[in-house]
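Trainee: My questions are about this predicted structure, shown below with the sequence.
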Amino acid sequence: MNIALIAHDKKKNDMVHFCMKHTDTLKKHTLMATGTTGALVKKTTGLPVHCYKSGPLGGDQEIGAKVANGEVDMIIFFRDPLTAQPHEPDVSALFRLSDVYEIPLASNFKTAELFFKSLDLAKDHR
């Protein structure tokens with residue numbers, strides 16, 4: 001499964017914590033991320049992550065293109081709903097693409113936890 005990892009600045013620690021908690025599951029999948037988020041995840045977990053540009057510099061759009069081309073199966077996007085983002089149109093476009101192409105997108109830690117519980121259940125039922 002191809003999983004995209006994205007986190008706004010105030011949520012990057014949450015993403016690192018999530019990835020550390022789920023390293024065993026994540027290492028079984030192909031990971032991609034926006035630049036700073038991906039670098040932090042690689043540094044703290046040792047997981048291989050393909051890094052695109054940072055979100056404000058086009059990374060959200062790069063991952064959006066992957067979604068449109070059928071190259072993303074799940075998105076974990078820890079967004080900060082209380083801080084205005086200069087690239088908000090790019091964020092909205094990525095959310096829209098996930099809906100258009102029916103790609104599961106978790107925008108917070110607890111939803112991402114549910115996604116991973118589903119992955120574990122599917123694994124157990126094979």
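Mentor: On my side now, so go ahead.

Trainee: hey, let's count contacts and neighbours off CA atoms from now on
Mentor: Fine.

Trainee: Just give the closest residue to P56, not the sequence neighbours.
Mentor: Spatial nearest neighbour of P56, excluding adjacent residues (Cα to Cα, 6 or more residues apart in numbering): H87 at 5.4 Å.

Trainee: What is the burial count for that neighbour?
Mentor: Look at H87: counted by other Cα atoms under 10 Å, it has 13 neighbours.

Trainee: surely it meets G59?
Mentor: No - in this structure, H87 is not within contact of G59 by Cα atoms under 8 Å, at 10.3 Å.

Trainee: Now tell me which helix or strand of the chain has the poorest mean pLDDT.
Mentor: helix 109-124 (a mean of 84; mean pLDDT, DSSP states H and E).

Trainee: Going by neighbour count, list what's buried in that helix.
Mentor: F109, A112, E113, F115 (16 or more other Cα atoms under 10 Å).

Trainee: Out of those residues, which comes closest to A33?
Mentor: A112 (15.2 Å; Cα to Cα).

Trainee: Strands along this protein, start to end?
Mentor: 2-7, 30-33, 49-51, 74-78, 105-106 (DSSP state E).
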